[in-house]
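Asker: Here's my sequence, what's the structure:
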Amino acid sequence: MAKIVNSYRFLDPVTGRMMKHWAGLSAPAQIPWTPLTKPISQCTISLVSSAAIALKSDLPFDQQIERRDPWSSDPSYRVLPRATATSDARVYHLHINTSFAEQDLNCIMPIERLNQLEALGEIGHSAPSHYSYGGYTLRPDVLLSQAVPAIIANLRREQVDAVVLVPV
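Answerer: Next comes the predicted model:
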């Protein structure tokens, strides 16, 4: 019986490296669950999207990072006010088809839908700020050590009770 030297050899080199990286990751830690302490109709809700959305008036996400290394992305984040509309924002994510978001931002950052839920009394409030970062990265060290704590600090400052994660 022949010994398989490289079990990833049937994959292209980039996919093979990615699979080796994923296989070497440690087991995920226990995710803490924090139940709501009040009805959702009294909660302030914020959105967090991994679509690399920025206001047109804001600093764009650095797409050169993705172009140099498709497994990395800009580790920063952007703040989107609760009144953000499709015409106010741009998507800087190179790994997704942005044409849908260019027509309706709500497909990747449903701010208007959240504001409608507030108007209907389904939630207490749409938070003053919502957040976006560039997902699809196998090197999230800076994102996790800098951007995530900053986002959490902002969420606490705005007294957000719950967050809706919008992965893309």
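
Asker: okay, which residue is most central for the protein?
Answerer: The residue lying closest to the centre of the chain (Cα atoms, centre = their mean) is residue 50, at 2.0 Å.

Asker: Report the separation between that residue and residue 122.
Answerer: Look at residue 50 and residue 122: by Cβ to Cβ, to the nearest Å, they are 24 Å apart. (Glycine included, C-beta is placed from N, CA and C.)

Asker: Where does pLDDT dip in the protein?
Answerer: Along the chain, the model assigns pLDDT under 70 to residues 1-12.

Asker: how about 90 then?
Answerer: Applying pLDDT under 90 to the chain picks out residues 1-35, 63, 65-74, 93-98, 135-142, 168.

Asker: what ranges do the helices span in this structure?
Answerer: With helices called from DSSP state H, the chain shows them at 13-24, 63-68, 99-103, 111-119, 141-142, 148-157.

Asker: Which one of the ones you listed lies nearest to residue 166?
Answerer: With Cβ to Cβ as the criterion, residue 166 lies closest to helix 111-119 of the helices of the chain, at 10.0 Å.

Asker: Keeping just the C-alphas, turn the closest one into CSV.
Answerer: What follows is helix 111-119, C-alpha atoms only, in CSV (Å, rounded to 0.1, in the frame of the first residue of the first chain):
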residue,chain,number,x,y,z
ILE,A,111,-30.4,49.1,8.7
GLU,A,112,-33.6,50.3,7.1
ARG,A,113,-35.3,47.0,8.0
LEU,A,114,-34.1,47.4,11.7
ASN,A,115,-35.5,51.0,11.7
GLN,A,116,-38.8,49.6,10.5
LEU,A,117,-38.9,47.1,13.3
GLU,A,118,-38.4,49.9,15.7
ALA,A,119,-41.2,51.9,14.1
